[in-house]
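> Got a predicted model here, sequence first, then my questions.
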Amino acid sequence: MLCSVLSGSPVVFESVWRWKNGARKAMVAFGGAASASCLAHRSWPFPVQQHHFGLCGAAAAIAAGHDCWGSMLFCLSLNHKQMSMYYAPAFFAHLLGKCLQKPSMTQQVFGVAKLGLVVVATFAVCWAPFLASPGGALQVLHRLVPVKRGLYEDYVANFWCVTSPVFKWRRVYTQQALVTMCAGASLVAALPSMIHQIMSPSPRGLLMGMANSALAFFLFSYQVHEKSILLALLPVTLLAFDQPVVAAWLPVWAALSMYPLLRKDGLSIAYLACLLLWLAVVAPRSSLQSEQQSPVQTGHAYTQSKRSRRLGPRVGAKLVGVSGPQLLHYASLLSLLPAACIHVAQCFVQPPAQLLHLYDAAFVTLSFVHIFSTAVYFNVSQWSLFMSLVSKKHSKRS
């Protein structure tokens, strides 16, 4: 168990790479190793730890300026596990934006061609054994894109599952239509973050783009598994010092969204123990950390103004006199009451015969509200940083 936590936490590698301050290393590493939802899933036969190293290596290589190595590592991760597709829009937009930032058209075209060659070569090496056998590549492709499994599995905290009691998507639309709708909705949800990285690529923006892309895919893509929310936790945890409130509370709602699956696997006690430990140690301090935090300094794009540290429109902050991160913290704290009520009701009150999955639906609906709010928050935060940089440049010119 301990070896799995230490070796499987991708945050350890990234925290050493990014920060020199020992306290920051410890905080981020603990966030990755002791996350309530991640600890609970360690005992599952779910090979997520291995390819997380490739994803962290890809992000670290690209942030350090080694775009070709980063592209190769990401392609290897994608071929190892199709869940890496959740980050593909972020990596694509960031690398394209870096190429477009080059001074001349020739350098831009050469940069895109060089990365394209790396991607094609990596895919050719990975797929060569299957292309040699008739039908081998098609069988692998069917396993990588399992569209026949359905729109989602069991109860998952995404848009299609939460709205299914009101609108029966699978009855109204064909499978092919649902695949198209899900792909379009996922890309539209990830588009604002992609545009941001194409216009203003930065290492921190890559991590935020990975979070926004993973959340978009979890909320709107086809055939979403409950454990897919862990993919959004990876970049969010890497941003723990920069976004302490989200890094503290998103694991709570991720664990809550997975509770129906955890209970089915007999992990209710482990879920409760990990969640209470996380709430006792990390969550209460997230509001204080949000006021004392300083932006991650990894380049000019990371210079944050006080305005960019606030959530969304400043109207809400003026009305209550607190910052956006504090509002997010208090909203999450208050939402623990309905979550606790649902848990207690499930233990002592039997659901109606015609609504046997009532509590499962309540868990995922409450989790969906917070996960969707997190996606909105991260998109607004990413663009508020960009707008503050633009206004700063205009002020210098004037």
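Structure received.

> pLDDT below threshold where in this protein?
Applying pLDDT under 70 to the chain flags the ranges 1-54, 283-325, 385-398.

> Mind doing that once more with 80?
For the chain, the stretches flagged by pLDDT under 80 are 1-57, 81-82, 132-150, 153-154, 241, 281-332, 384-398.

> tell me, what residue is most central in it?
Nearest to the mean C-alpha position of the chain, by CA atoms, centre = their mean, lies Ala232 at 1.8 Å.

> Look at the nearest residue to it once chain neighbours are set aside and give its secondary structure.
The shortest distance from Ala232 to any non-neighbouring residue, by CB to CB, 6 or more residues apart in numbering, is to Ala214 (4.1 Å). In short, each C-beta sits where N, CA and C put it, glycine included. With DSSP: H, G, I helix; E, B strand; the rest coil as the basis, the three-state label of Ala214 is helix.

> how many other residues sit next to Ala214?
Per other CB atoms under 10 Å, the neighbour tally for Ala214 reads 28.

> same question, Leu250
Neighbours of Leu250 (other CB under 10 Å): 26.

> before we move on, back to that, secondary structure class of the residue nearest to the centre of the chain, three-state.
Going by three-state DSSP: Ala232 is helix.

> Check whether it really touches Ala211, as I assumed.
Yes. If you go by CB atoms under 8 Å, Ala232 and Ala211 touch, sitting 5.9 Å apart.

> Next, Gln350: phi, psi?
Note on Gln350: backbone dihedrals following degrees, to the nearest 10 are phi -80, psi 130.

> residue contacts, it?
For Gln350, the contact set (CB atoms under 8 Å, 6 or more residues apart in numbering) is empty.

> so how far is Tyr173 from it?
Going from Gln350 to Tyr173 by CB to CB, to the nearest Å gives 34 Å.

> what's the answer for Gly65, then?
45 Å.

> And the two? Which one has more around it.
Using other CB under 10 Å as the criterion, Gly65 and Tyr173 rank with Tyr173 on top: 14 against 10.

> ok, and the closest non-adjacent residue to the more buried one?
Met181 (7.0 Å).

> Where does the one you found sit, in terms of helix or strand?
helix 175-199 (DSSP states H and E).

> And that helix, what does it pack against?
Judged by 3 or more CB pairs under 8 Å, 6 or more residues apart in numbering; DSSP states H and E, helix 175-199 is in contact with helix 88-100, helix 203-220, helix 358-397.

> Out of these, which one sits most buried?
Stretch with highest mean neighbour count among those: helix 203-220 (a mean of 27; mean count of other CB atoms under 10 Å).

> nearest to Pro165, of the helices and strands packed on helix 175-199?
helix 358-397 (6.7 Å; CB to CB).

> mind listing what the nearest residue to Tyr259 once chain neighbours are set aside touches?
Distances taken as CB to CB, 6+ apart put Phe363 closest to Tyr259, at 5.4 Å, once the chain neighbours are dropped. Neighbouring residues of Phe363 by CB under 8 Å, 6+ apart: 155, 157, 256-257, 259-260, 339, 342.

> Looking at the residues you listed, which are in helices?
256-257, 259-260, 339, 342 (DSSP state H).

> For those, give me TSV that also has distance to Leu151 and neighbour count.
Shown next, in TSV, are the ones in helices among the contacts of Phe363 (distance: CB to CB, whole Å; neighbours: other CB atoms under 10 Å):
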residue	distance to Leu151	neighbour count
Leu256	21	27
Ser257	17	27
Tyr259	21	27
Pro260	17	21
Ala339	26	20
Ile342	24	19
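
> just the helices in the stretch 1-150 of the chain please.
2-8, 11-18, 22-33, 36-41, 49-63, 67-80, 88-100, 105-131, 136-144 (DSSP state H, counting those that start in this stretch).

> helices and strands around the last one, which ones?
Secondary-structure packing of helix 136-144 (3+ CB pairs under 8 Å, 6+ apart): helix 105-131.

> helices or strands next to the helix it packs on in the packing?
helix 67-80, helix 88-100, helix 136-144.

> So which of those is nearest Trp249?
Closest approach to Trp249 among the helices and strands packed on helix 105-131 (CB to CB): helix 88-100, 21.8 Å.

> Who are the packing partners of that closest one?
By 3+ CB pairs under 8 Å, 6+ apart, helix 88-100 packs against helix 49-63, helix 67-80, helix 105-131, helix 175-199, helix 203-220.

> which of those is buried the deepest?
Most buried among the helices and strands packed on helix 88-100, counting by mean count of other CB under 10 Å: helix 203-220, with a mean of 27.
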